[in-house]
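[1] kindly return the folded structure for what I paste below:
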Amino acid sequence: MLPRRVDAVVIGSGPNGLVSAITLADAGWDVLLLEAADTFGGAVRSTEEGGWTSDRFSSNYPLGVASPVMRALELEKFGLKWANAPLPLVHLLDEDGAAAAIHPDPEDTAKSLGAEHPGDGEAWLRLYQQYVSIREPLLSALLTTWPPVGPGLKLARKLGSVGELLRFARFMAMPMHRMGQELFTGRQGPAIMAGNALHADAPLSGSVSGTMGWLLSMLAQDVGYPVAAGGSSAFSTALVRRAERSGALLTSGTPVTGVAVSAGRVTAVHTASGETISVARAVIADTSAPALYGELLPEALIPAGLRRDLDDRFEWDYPTVKLNFRLSGPIPWKAMEARSAGVVHLGGTADDLVHVSADLDTGRIPAQPFLLIGQTTKSDPSRSPEGSEAVWAYSHLPRGIADDAAAEKLAGRMERAIERFAPGFGDLVIARDLQRPSALESSNAALGFGALGGGTMQLHQQLVFRPTIGLGSARTFVTGLYLGSSAIHPGGGVHGACGHLAARTAIRDASFLGPVTRTLPTAALRQLQR
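    Sure, this is the predicted structure:
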């Protein structure tokens, strides 16, 4: 039986929801987390059958290792173990076997890039050394606080002069394609960074896409592209254990159907089974923005401006098509380095990827799609029987095209692309499982139209524009109600930052200084969303 009254309810048990529950419980709050599905974890879940383990949604977690939020939880004490392949990442350049690789040692990466153009190896080392010098304040600024005043000042001090600060600001604002051209002479460096940029959905010729490609490339060099040993559910299980150790009560199979509001303040949540749980302090929703504002709150309460923004301006990220394979042996890549990589990018040069990006943004299913491929057995041999390989591959459809027929068409192109770069691949397939956008959404309601990031991460829907025009924080127009999913800053990725920021905001607002911290921002938010 559920409690009738608690300090806080967290809706949803994705990593952000679990981090929110942990943060509140660590602060001494009485916390109840309600999950609609029968298992915890949201989009961090795996299945096991007959010796085969399949990550059903997310799989590789560089941010899970590097995030200050996740590091502070010490999940390794709760059973989490990371596993890495011999090479973190290989990017396939052409069907003749040319490839670019990130090695565990940055000197080896530089040597590989320098073999094509000697200056590119030196450029890589300079790039990585700069990243290392600012890593801690940068990640703190991105992931631990909003607005990032303190970490931002530390970052500025690390950069040194005003001139260097301005150069870094320009660097972070650059389109990925231009960034690659400025940094490197050959094909390999730009391709690696462009492929990493396409993990997100920012057009390679659009502003700030360079930030995404640069950061993921540096993380791949820094911490690799690790998987959770035993499957991605092991990551969620560690978070669940950590939450329970803190005293949070977690309940699965309990959909929340509504959030009650009285006099502008959240008062309770209602469940599908007819129960009402009163809340004394806060509700944090680890849900999509459309779900919170379009399904959980009474329609009559939604400000007209917010409703218009969500209906007319909110933009999902690209629909995802994911293939899961059971193979009788390793993929016979022409590029030998790809045979030992945990992650393989298949898509050609940076110029080729600009065309793929343009296809997606103009409503065309790419004839030669970009593939992100996870060779999970390479990282974690427990994922499949000895001698076999568990592999997944995903790609994207254009926004607005998420039907099953389009997914089937793209899946066929994906398989043919792998066959071109690895002749004989098709003969190794024991089983093939296609996750269409519709299947992804039905498995996890937060993945609207099969989008994995909670909404596009392009500049027009980041910072104070995420998920719509606002203040960039987890606060909503309802006092005590917070959005704590990837729909808020800093967006998608398994880093726990969104849940952490929502919980910390709720704690401040419920403190002695709460009338100061919450009243003016909430009033401003209501004014903006009228």
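[2] once you drop chain neighbours, what's closest to Leu219?
    Pro62 (4.0 Å; CB to CB, 6 or more residues apart in numbering). (Glycine included, C-beta is placed from N, CA and C.)
[3] got the contact list for the one you found?
    Pro62 sits next to Leu216, Leu219, Ala220, Asp222, Val223, Gly224, Tyr225, Pro226 when contact means CB atoms under 8 Å, 6 or more residues apart in numbering.
[4] could you redo the last one with a cut-off of 6 Å?
    Leu219, Val223, Tyr225 (CB atoms under 6 Å, 6 or more residues apart in numbering).
[5] so which of the residues you listed is the most crowded?
    Greatest neighbour count in the contacts of Pro62, by other CB atoms under 10 Å, goes to Tyr225: 23 neighbours.
[6] what ranges do the strands span in the stretch 151-300 of the chain?
    Per DSSP state E, counting those that start in this stretch, the stretch 151-300 of the chain carries strands over the ranges 227-228, 249-251, 256-262, 265-271, 276-285.
[7] distance of Lys523 from Val132?
    Careful, residue 523 is Ala; it's not Lys. Ala523 is 43 Å from Val132, where distance means CB to CB, to the nearest Å.
[8] okay, the strands of the stretch 151-300 of the chain, which one's buried deepest?
    strand 227-228 (a mean of 32; mean count of other CB atoms under 10 Å).
[9] center of the chain - which residue?
    Gly493 (1.8 Å; CA atoms, centre = their mean).
[10] which SS class is it?
    Classification of Gly493 by DSSP: H, G, I helix; E, B strand; the rest coil places it in coil.
[11] need the contact list for the closest residue to it other than its chain neighbours.
    The shortest distance from Gly493 to any non-neighbouring residue, by CB to CB, 6+ apart, is to Leu63 (4.7 Å). Leu63 makes contact with Gly493, Val494, His495, according to CB under 6 Å, 6+ apart.
[12] looks like the second one contacts Ser67 (just checking).
    Translated: Val494. No. Using CB atoms under 6 Å, Val494 makes no contact with Ser67, being 8.1 Å away.
[13] overlap of the contact sets of the two?
    Counting by CB under 6 Å, 6+ apart, Val494 and Ser67 have no common neighbour.
[14] ok, back up a step: quick one: which of the strands of the stretch 151-300 of the chain is nearest Ile22?
    strand 249-251 (10.6 Å; CB to CB).
[15] all the strands of the stretch 401-530 of the chain, residue numbers only.
    Assigned by DSSP E, counting those that start in this stretch, the stretch 401-530 of the chain shows strands spanning 429-435, 481-483.
[16] contacts for the last one?
    Contacts to strand 481-483, defined as CB under 6 Å, 6+ apart, come from residues Val266, Val283, Ile284, Ala285, Leu292, Ala474, Thr476, Ala502, Ala506.
[17] and of those residues, the nearest to Phe449?
    Nearest to Phe449, judged by CB to CB, of these is Leu292 at 16.7 Å.
[18] residue contacts, the residue lying closest to that closest one once chain neighbours are set aside?
    Once flanking residues are discounted, Leu292 sits nearest to Ala285: 4.8 Å by CB to CB, 6+ apart. Ala285 makes contact with Ile11, Leu292, Leu483, according to CB under 6 Å, 6+ apart.
[19] quick check: the first one touching Pro255?
    No. With contacts counted by CB under 6 Å, Ile11 stays clear of Pro255, the gap being 9.3 Å.
[20] tabulate the strands of the stretch 401-530 of the chain (JSON lines), appending mean pLDDT, mean neighbour count and distance to Ala98.
    Below are these laid out as JSON lines (pLDDT from 0 to 100; neighbours: other CB atoms under 10 Å; distance: least, CB to CB, whole Å):
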{"stretch": "strand 429-435", "mean pLDDT": "97", "mean neighbour count": "15", "distance to Ala98": "25"}
{"stretch": "strand 481-483", "mean pLDDT": "98", "mean neighbour count": "28", "distance to Ala98": "45"}
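[21] and Ile277, which of those strands is closest to it?
    So among these, strand 481-483 is nearest, using CB to CB, at 14.1 Å.
[22] what distance separates that closest one from the middle of the whole chain?
    20 Å (CA atoms, centre = their mean, to the nearest Å).
[23] repeat that for stretch 354-365.
    Worked out by CA atoms, centre = their mean, stretch 354-365 lies 21 Å from the chain centre.
[24] mind listing the helices in the stretch 1-150 of the chain by residue range?
    For the stretch 1-150 of the chain, helices defined by DSSP state H, counting those that start in this stretch occupy the ranges 15-26, 62-66, 68-73, 106-116, 118-143, 149-159.
[25] need the winner for burial among these.
    Mean neighbour counts for these (mean count of other CB under 10 Å) peak at helix 15-26, with a mean of 30.
[26] quick one: that one to strand 276-285, angle?
    Here helix 15-26 runs at an angle of 120 degrees relative to strand 276-285 (axes from the mean of the first three to the mean of the last three CA atoms, to 10 degrees).
[27] hmm, back to that, turn the strands of the stretch 151-300 of the chain into JSON lines, including distance to Arg167 and mean pLDDT.
    Shown next, in JSON lines, are the strands of the stretch 151-300 of the chain (distance: least, CB to CB, whole Å; pLDDT from 0 to 100):
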{"stretch": "strand 227-228", "distance to Arg167": "36", "mean pLDDT": "98"}
{"stretch": "strand 249-251", "distance to Arg167": "47", "mean pLDDT": "98"}
{"stretch": "strand 256-262", "distance to Arg167": "46", "mean pLDDT": "98"}
{"stretch": "strand 265-271", "distance to Arg167": "45", "mean pLDDT": "98"}
{"stretch": "strand 276-285", "distance to Arg167": "38", "mean pLDDT": "98"}
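[28] of the ones you listed, which approaches Ser388 most closely?
    Here strand 227-228 is closest among the strands of the stretch 151-300 of the chain (CB to CB), at 16.5 Å.
[29] which strands and helices sit next to that closest one?
    Under the contact criterion of 3 or more CB pairs under 6 Å, 6 or more residues apart in numbering; DSSP states H and E, strand 227-228 touches no helix or strand at all.
[30] residues contacting it, please?
    Strand 227-228 is contacted by residues Asn60, Ala83, Ala234, Phe235, Thr376, Ser379, Asp380 when judged by CB under 6 Å, 6+ apart.
[31] in strands only, show me these.
    Using DSSP state E, Ala83 are the members of those that sit in strands.
[32] which ones among the contacts of strand 227-228 map onto helices?
    With helices defined by DSSP state H, the entries of the contacts of strand 227-228 inside them are Ala234, Phe235, Thr376, Ser379.
[33] can you give me every residue that contacts the third one?
    Read it as Thr376. Residues near Thr376 by CB under 6 Å, 6+ apart: Val227, Arg383, Ala390.
[34] setting aside sequence neighbours, what's the nearest residue to the first one?
    Nearest in space to Val227, with sequence neighbours left out and distances taken as CB to CB, 6+ apart, is Ser379 at 4.6 Å.
[35] give me the distance between that neighbour and Asp403.
    Distance, Ser379 to Asp403, by CB to CB: 33 Å.
[36] of these two, who's got more company?
    The neighbour comparison of Ser379 against Asp403 (other CB under 10 Å) goes to Ser379, with 27 against 14.
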